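[1] Based on what follows, work out the 3D shape:
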Amino acid sequence: MKNVTLTWVAILLMVLGLFASCQPINKETTSVAPLIDRVKESYAPDKRVALFDIEYVNDTLKGQTNLPQALDELAGKLDSAGVSYTNVVEVLPEKALAGKTHGVVTISVANIRSAPKHSAELATQATMGTPVNVLKKAGSWYLVQTPDRYISWVDAAGIELMDQKAYDLWEGSPKLVFTELLGYVYESEDESMMVTDLTAGNLLKFVAENRNHYQVALPDGRQGFLEKDLAMPFEEWISTRSLSDNNLISTAKNMMGIPYLWGGTSIKGVDCSGFTKTIYFLNGQVIPRDASQQVHEGELVDTEKNWDKLAVGDLLFFGRKATEDRPERIVHVGMWIGNNSFIHSRGRVRISSFDSSSPNYDEYELGRYLRTKRIRQVPSEHIIEVAKAMN
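    Next up is the predicted model:
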């Protein structure tokens, strides 16, 4: 009986093997994948700032992208290679948005997450008045792209959707910038009922003014009153922005003790790169979101711990050095403030020193120091002026 059973098993395996060998190998599928990968590497090497999620299945090119030029190039390569395909790739913004492809953050700080749910990782934040490009909707969430090109999901309550006409009206209206760390807009001048809280850099529409208050409107149309000495006209604020030593150090130290928040880029909480980003934003520049992106900007200053080369505002990067079997990994960033010291967010915003005699001596960060880059007053592809990003 045992021998009979083994014989049938052997026959079954032979039949399965013959069946598998008769299945055709889709040569087109194997040849298309490298073409997709090459276009993706060229146009969207960083998925945080560009979407090119495309695959070729059963003679169909499908997926989504916000890069029509990249899709056109891929189509051209497929045509040149003689590949037959049906193109059903969705080019974002999706048509279901019905032209409302602009958004403006309408709460003090909008939490922007890696997936369309509140339990998802906090990817980044955007402050009131920040314009975003709206790409698609999923339930009560919108996939948006911020001025620093970061792509993630925001709850519908965080932004005011606008078509081009409404956005042009918002963009062309006179604005005020909230200049303190924290504050409020009130329903009336007696300040008895709050409309919203505010954080540094929030942008509001100017409506009117009296002796002590500005009357303001939020992007979603809510109105209220704001103490005049807590804000200034946007153009005036922009004209006073300067990346001077004093401004950068003062802005950074004003945030001393603010708690660390993964994904945070506001006075309510910051991660390491969100902290450096906020310092520069409040002084007139929008820099990339993450430390691993910031490290590619500006010019190289130091790799040898020669602190005499460093200047106020330089960004120091920390992490794991490259080895034969694994690449370098940037995991932390801080800003140089002089006197062998830098300020950064680790647990909370704090000052650390490379001077072993200092009470702020930080042997841990010294041990994982990688390099310093200078972005202040150095032309860089992904650094833009706040005036351009916010208006």
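[2] Please verify my assumption that Leu203 contacts Pro174.
    No: between Leu203 and Pro174 there is no contact, the gap being 11.0 Å when judged by C-beta atoms under 8 Å. Backbone N, C-alpha and C define where each C-beta goes, glycine included.
[3] Quickly list what's touching both of those two.
    Phe234 (C-beta atoms under 8 Å, 6 or more residues apart in numbering).
[4] higher neighbour count, those two?
    Leu203 (25 against 11; other C-beta atoms under 10 Å).
[5] So in terms of bridging, what pairs with the more buried one?
    Under DSSP bridges, the beta-bridge partners of Leu203 are Val177.
[6] Pull the contacting residues for it.
    Thr127, Met128, Gly129, Thr130, Lys175, Leu176, Val177, Phe178, Phe234, Met390.
[7] roughly how far apart are it and Lys175?
    5 Å (C-beta to C-beta, to the nearest Å).
[8] now Asp148
    Distance from Asp148 to Lys175, by C-beta to C-beta: 20 Å.
[9] Which residues in the longest strand belonging to the chain does the neighbour count mark as buried?
    As assigned by DSSP state E, the longest strand anywhere in the chain is strand 329-338. Buried residues in strand 329-338, counted by 16 or more other C-beta atoms under 10 Å: Ile330, His332, Val333, Gly334, Met335, Trp336, Ile337.
[10] and if you look at stretch 203-222?
    By 16+ other C-beta under 10 Å, the buried positions in stretch 203-222 come out as Leu203, Leu204, Lys205, Phe206, His213, Tyr214, Gln215, Val216, Ala217, Leu218, Pro219.
[11] rewinding a little: would you reformat the buried residues of strand 329-338 as JSON lines and include distance to Met193 and pLDDT?
    Below are these laid out as JSON lines (distance: C-beta to C-beta, whole Å; pLDDT from 0 to 100):
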{"residue": "Ile330", "distance to Met193": "46", "pLDDT": "98"}
{"residue": "His332", "distance to Met193": "42", "pLDDT": "98"}
{"residue": "Val333", "distance to Met193": "41", "pLDDT": "98"}
{"residue": "Gly334", "distance to Met193": "41", "pLDDT": "98"}
{"residue": "Met335", "distance to Met193": "39", "pLDDT": "98"}
{"residue": "Trp336", "distance to Met193": "44", "pLDDT": "98"}
{"residue": "Ile337", "distance to Met193": "41", "pLDDT": "98"}
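[12] of those residues, closest to Lys136?
    Nearest to Lys136 among those: Ile330, at 30.2 Å, using C-beta to C-beta.
[13] Brilliant, that's me finished.
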